[in-house]
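got a predicted model here, sequence first, then my questions.
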Amino acid sequence: MIQLPIQPISADLYPISYSELEWVADLEYVDEPLTSLYKIKGDSANRLYLLQWCDDEAEPMSNRWLLIPLSYGQLYLFAHNKITYLELIRQSESISFPLYLIDLTFKESFIHYQNVYAVSFQEIPPTYLPTEQELFKDMIGSETSKIMNFISNYFRNLLSDIKRGEATKDYARLESLYQILYETMLDIYGLHDFRYQWVANRLASLHGLNGKIEEMNSLLRQNWSLAQVDAFSKEWEEELALV
Amino acid sequence: MKLKYQDDLSRFPDCPPIDSFGRTCTVYCLVFQAEAEMEMNFLPVAINPNSNNALAKTRCSGYGLSFWDKMQDLLDRFISQNYRKAKKEGKAIQKKYHVPPAIGTHIAELNIRESDGRMSQPNDKGHIDFHPFEGIDLHQRITQYIHIPKS
């Protein structure tokens, strides 16, 4: 296992314990899991993580994984081959700095953290990273339909919440929605279509919207009638079904 | 009949998956042919002492054996463009593509019987998870050893 030029962090700084993670699906499985998607049990913030195999050590027996936080929007973009795996990891760092390398062991039927290292993207050994071009479709053994259903269910529920006016202050969920709206509009209509220009405007100002979520959500509901949301929802589901 | 590693399998819900059945068919996998290494054959990754993937021990499939329903599927998996590329890349990439001979030196063709265990349906890459019953000697099912073609 590569010796990292940094010290492991103390347990009270661990980003999350393995027992809090709930396995969703494997993105890469070659006789064994190599990249897996997890959510957090009972998490209202809808946080997602990928655990990606990096390295191992025979004695003492352990293996090192890169913990990659991501949003549903990022997962959607990655699963639809719109961003590379490397871009996903870079984006994750910009959203949730630092990233973590975790040495895992399996003892007494449970996963234990042996060491946890907080690293910047630049500090990750290059052999731990995917190639520049690697996309979701290049991953071997992906549970693709399971992952697509997971994304689809999330956004269907979110659209339903918006229709009922129950997503007014949920910045992370709305940001994910805007990501998916943007990509879908780009694919289906292009952003030149006046009907969807407001999506581009909202996206452009997304990072300046702290404290303005109600306004953003209000705009969403003003600009989209229930019929439009229904129509979009249907179109979006059809688009997913084509993947 | 009791499945091999039943105690481990019982830790997971729906394990083996409900759509796994006994089948009589020909499958392919990587094995060691040398007698000294044969004890490493047919060991699930969660059991294999040469593999220490901790997360494999948290999956039902970690306690299953990887078979392919066509030899070409297995070759595509190991002797693919990705594999050739992997040989030039770092350790992580090599692990990702499981570069032989770490898990075998030959391809074995096996004639599996319905009473040997439970087998998943082949996925889109032809990969099968197989959970053998206790007491089944899979070496007895090998019909031929095939050299892995040089890439």
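Done, it's in.

hey, where'd the helices end up in chain A?
Assigned by DSSP state H, chain A shows helices spanning A:72-79, A:85-95, A:144-163, A:171-188, A:197-204, A:213-223, A:226-242.

kindly apply the preceding question to chain B instead.
In chain B, the helices defined using DSSP H lie at B:6-9, B:71-78, B:81-88, B:91-96.

by mean pLDDT, show me the worst of the ones you listed.
Ranked by mean pLDDT, the helices of chain B bottom out at helix B:81-88, which scores a mean of 51.

pLDDT on stretch A:138-151, on average?
Summarised as a single mean, pLDDT over stretch A:138-151 is 85.

now for the chain, the helix or strand with the poorest mean pLDDT.
I went with chain A, as the question did not name one. Every helix and strand of chain A was ranked by mean pLDDT, DSSP states H and E. The lowest is helix A:197-204, at a mean of 48.

my question was about chain B
Lowest-scoring helix/strand for chain B, mean pLDDT, DSSP H and E: helix B:81-88, at a mean of 51.

what is A:W65 paired to in the beta sheet?
For A:W65, the beta-bridge partners are A:W53, A:I102 (DSSP bridges).

wait, it sits on A:Y49?
No. Taking CB atoms under 8 Å as the definition, A:W65 is not a contact partner of A:Y49, at 10.1 Å. The way it works is simple: take the backbone N, C-alpha and C, and place the C-beta from them, glycine included.

settle it for me: which of those two has more neighbours?
Counted by other CB atoms under 10 Å in any protein chain shown, A:W65 and A:Y49 do not tie: A:W65 has more neighbours, with 28 against 22.

now do the contacts for the more buried one.
Neighbouring residues of A:W65 by CB atoms under 8 Å, 6 or more residues apart in numbering or on different chains: A:L51, A:Q52, A:W53, A:C54, A:L101, A:I102, A:L104, B:L55.

roughly how far apart are it and B:A54?
8 Å (CB to CB, to the nearest Å).

likewise for B:F130?
For B:F130, the distance to B:A54 equals 23 Å [CB to CB].

cool, B:L75 as well?
For B:L75 relative to B:A54 (CB to CB), the value is 30 Å.

same deal with B:D7?
Here the criterion is CB to CB. By it, B:D7 lies 18 Å from B:A54.

nearest residue to the middle of chain B?
Nearest to the geometric centre of chain B sits B:S66, at 2.3 Å (CA atoms, centre = their mean).

excluding residues flanking it in the chain, which one is nearest that one?
Nearest residue to B:S66, sequence neighbours excluded (CB to CB, 6 or more residues apart in numbering or on different chains): A:D31, at 4.8 Å.

do you know how far the one you found is from B:P13?
Here A:D31 is placed at a distance of 22 Å from B:P13 (CB to CB).

more neighbours: which of those two?
Per other CB under 10 Å, whichever of A:D31 and B:P13 has more neighbours is A:D31, with 25 against 7.

residue ranges in chain B under the pLDDT threshold?
Applying pLDDT under 70 to chain B flags the ranges B:78-103, B:150-151.

kindly report the same for chain A.
Scanning chain A for pLDDT under 70 picks out A:44-45, A:159-243.

which single residue of it ends up nearest chain B?
Ranked by CB to the nearest CB, the top residue of chain A for proximity to chain B is A:T127, at 2.8 Å.

how about B:T26, nearest residue that isn't a chain neighbour?
Excluding the flanking residues, the one nearest B:T26 by CB to CB, 6+ apart is B:N111, at 5.7 Å.
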